[in-house]
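Chemist: Build me a structure from this.
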Amino acid sequence: ECRGLVTEVCQNNPCKNGGTCVPDGTDFRCDCSEGFEGRFCPNDCYEGDGESYRGNVSEAQNGVQCLYWNSHFILRTGTNPFTVFEDPDGLGPHNFCRNPDGDRQPWCFIRRGRRVQWEYCNVRKCSTGQSLTPQKPLNTLASRIYGGLKSVPGAIPWQLSLQVNTRGQNYRHICGGALIDSCWALTAAHCISRNSDMVVVLGGLTLDSDEPAEQIIEVERAIVHNGYDSDSLSNDIALLKLKATNGVCARETRFVKAACLPDTALPYGKECTVSGWGATEECKGNVLYLSAPSAYPNTQKFAEVLLINSNTCSRPSVLGNTLDDGMICAGYLEGGVDSCQGDSGGPLTCDNNGTHVVYGLVSWGYGCALRNKPGVYTRVLHFLNWIRINMVA
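Modeler: Residues are numbered from 1 along each chain as shown. Here you go, the predicted model:
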């Protein structure tokens with residue numbers, strides 16, 4: 001009787017792309033056409049950037065099975081894929097790879113331990129019949145905030161992209177930053193380029209496309225802390241004075257808001273959010289100097305990290321005697337989640353009784369997301385007086 005049911009299913013042929021359904025005991029199997037594989041011979045290639053991909057591949061490039069799009073593991077992070085992405089048509093109660101946000105190829109959410117992150121999928125691009133120049137593939141584990149989720153519009157409205165224009169070239173992203181007032185922003189001192197015009201871009205999620213919610217504002221001047229040391233990265237903080245138009249700099253919208261400055265120390269072990277665009281290479285030593293703009297992924301990311309006690313971070317097996325009072329470390333000692341060069345100067349934001357405060361600025365780290373090597377951030381609380389004095393000067 002079971003074989004009869006299977007034979008009936010084979011009569012309707014569940015196998016895709018010319019596959020042949022073959023009864024196999026109490027089940028069936030698909031003999032796939034050349035170039036296809038999997039239980040139902042799914043379309044295992046995508047056209048363009050994969051926004052139209054509707055195949056059945058459900059495996060990330062690292063071999064981990066994708067989460068279902070309606071998984072409670074995803075929903076409890078505050079991200080609902082069915083409402084936040086521009087093109088959710090291909091999503092459903094399944095775990096097949098999709099590209100609902102216009103990224104460069106299909107991707108999915110996966111679990112790493114107790115944390116949820118995203119990863120590109122193990123699905124190839126369809127042959128175009130043309131000979132293409134081979135390109136070095138991006139390191140997908142390092143091409144974003146390590147262990148991060150994709151941001152959604154308005155989720156981190158104080159996040160900015162600091163962009164520079166050197167010798168008349170196009171503006172390019174070099175660092176992150178945080179808006180703290182209509183005409184003021186914070187970033188890392190090591191992000192400041194003295195011989196370049198600078199702008200900040202607010203309200204956008206992608207680096208290589210114009211978005212309706214974007215605000216692009218010129219930087220009138222940058223104020224680097226006078227105690228900044230480029231070797232030790234002590235006092236790695238800078239203020240950006242934005243240029244006003246008709247008396248206004250950044251305009252508050254759903255997608256652009258200022259974060260608050262901290263007024264008290266937060267407990268170690270508290271979960272905070274680091275955000276930005278990330279880099280495609282691991283840091284070399286303390287600082288990875290800027291790579292080509294093509295090395296940055298398109299879409300803004302975020303990840304949750306824990307504030308770690310400075311005594312713990314100063315252990316010889318961790319960061320050693322490298323931290324001063326103006327630094328704080330955050331991450332996970334087991335590794336797996338961290339921020340990288342593209343996020344330099346970007347905010348470490350903590351929720352303090354319902355108020356979002358910029359508790360840190362991405363400063364430096366040994367490698368990215370390595371065991372016993374958490375990220376190091378400028379401790380904004382330590383510089384409150386300096387910030388306030390310079391904002392009224």
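Chemist: do you know how far the residue nearest the centre of the chain is from Asn122?
Modeler: Residue closest to the average C-alpha location in the chain (Cα atoms, centre = their mean): Lys301, at 2.2 Å. Distance of Lys301 to Asn122, computed by Cβ to Cβ, to the nearest Å: 20 Å. Backbone N, C-alpha and C define where each C-beta goes, glycine included.
Chemist: How is the protein divided into domains?
Modeler: 159-242, 270-283+291-381 (the TED database).
Chemist: And the strands in the stretch 51-200 of the chain?
Modeler: 107-112, 115-120, 124-125, 149-150, 159-165, 172-181, 184-187, 197-202 (DSSP state E, counting those that start in this stretch).
Chemist: The stretch 251-393 of the chain too?
Modeler: Using DSSP E, counting those that start in this stretch, strands in the stretch 251-393 of the chain cover 271-276, 301-308, 327-331, 347-352, 355-364, 375-379.
Chemist: Nearest to Ala259 among the ones you listed would be which one?
Modeler: Closest to Ala259 of the strands of the stretch 251-393 of the chain, according to Cβ to Cβ: strand 355-364, at 4.8 Å.
Chemist: Off-centre distance for that closest one?
Modeler: Distance of strand 355-364 from its chain centroid, counting by Cα atoms, centre = their mean, to the nearest Å, is 16 Å.
Chemist: Same question for stretch 59-70.
Modeler: That offset, for stretch 59-70, works out to 18 Å (Cα atoms, centre = their mean).
Chemist: what's the answer for stretch 97-115, then?
Modeler: Stretch 97-115 sits 12 Å away from the centroid of its parent chain (Cα atoms, centre = their mean).
Chemist: before we move on, what about stretch 377-384?
Modeler: On Cα atoms, centre = their mean, the centre of stretch 377-384 falls 23 Å from that of its chain.
Chemist: do the same with stretch 378-389
Modeler: Using Cα atoms, centre = their mean, the offset of stretch 378-389 from its chain centre is 26 Å.
Chemist: can you map out the helices along the stretch 251-393 of the chain?
Modeler: Applying DSSP state H, counting those that start in this stretch to the stretch 251-393 of the chain gives helices spanning 310-313, 384-392.
Chemist: Going by neighbour count, list what's buried in the longest one.
Modeler: By neighbour count on 16 or more other Cβ atoms under 10 Å, the buried set for helix 384-392 is 386-387.
Chemist: who does it touch, helix- and strand-wise?
Modeler: Packing partners of helix 384-392 (3 or more Cβ pairs under 8 Å, 6 or more residues apart in numbering; DSSP states H and E): strand 238-242.
Chemist: What average pLDDT does the strand it packs on get?
Modeler: Mean pLDDT, computed over strand 238-242, is 98.
Chemist: just stretch 266-283 next, same as before
Modeler: pLDDT averaged over stretch 266-283 gives 75.
Chemist: cool, stretch 169-182 as well?
Modeler: Mean predicted confidence for stretch 169-182 is 90.
Chemist: returning to that earlier point: the residue nearest to the centre of the chain contacts Val152, doesn't it?
Modeler: No - at 11.0 Å, Lys301 and Val152 do not qualify as touching, with contact defined as Cβ atoms under 8 Å.
Chemist: What is the neighbour count of Asn270?
Modeler: For the record, residue 270 is Lys, not Asn. 14 (other Cβ atoms under 10 Å).
Chemist: Quick check, it in contact with Cys350.
Modeler: Yes - with contacts counted by Cβ under 8 Å, Lys270 reaches Cys350, the gap being 6.2 Å.
Chemist: which neighbours do the two share?
Modeler: Overlap of the contact sets of Lys270 and Cys350 (by Cβ atoms under 8 Å, 6 or more residues apart in numbering) consists of Leu307.
Chemist: Indicate which one of the strands of the stretch 51-200 of the chain is closest to Trp364.
Modeler: strand 172-181 (12.6 Å).
Chemist: would you put the C-alpha positions of the closest one in CSV?
Modeler: Taking C-alpha atoms only, strand 172-181 is exported to CSV below (Å, rounded to 0.1, in the frame of the first residue of the first chain):
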residue,chain,number,x,y,z
ARG,A,172,34.3,56.1,-0.4
HIS,A,173,33.4,54.5,3.0
ILE,A,174,36.2,54.3,5.5
CYS,A,175,34.6,54.2,8.9
GLY,A,176,31.5,54.2,11.0
GLY,A,177,30.4,56.7,13.5
ALA,A,178,27.5,57.7,15.7
LEU,A,179,25.2,60.8,15.5
ILE,A,180,24.9,62.4,19.0
ASP,A,181,23.2,65.7,18.0
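Chemist: what's it packed up against?
Modeler: Secondary elements touching strand 172-181 (3+ Cβ pairs under 8 Å, 6+ apart): strand 159-165, strand 184-187, strand 197-202, strand 347-352, strand 355-364.
Chemist: and the first one, which residues are buried?
Modeler: This points to strand 159-165. So for strand 159-165, counting by 16+ other Cβ under 10 Å, buried means 159-164.
Chemist: Which strands or helices does that strand pack on?
Modeler: strand 172-181, strand 197-202.
Chemist: Mean neighbour count, these: which tops it?
Modeler: With neighbours taken as mean count of other Cβ atoms under 10 Å, these reach their highest mean count in strand 172-181, at a mean of 24.
Chemist: Direction included, what does that strand pair against?
Modeler: Strand 172-181 pairs in its sheet with strand 159-165 (antiparallel), strand 184-187 (antiparallel), by DSSP bridges.
Chemist: how about the ones you listed, which one is nearest Asn62?
Modeler: strand 159-165 (26.8 Å).
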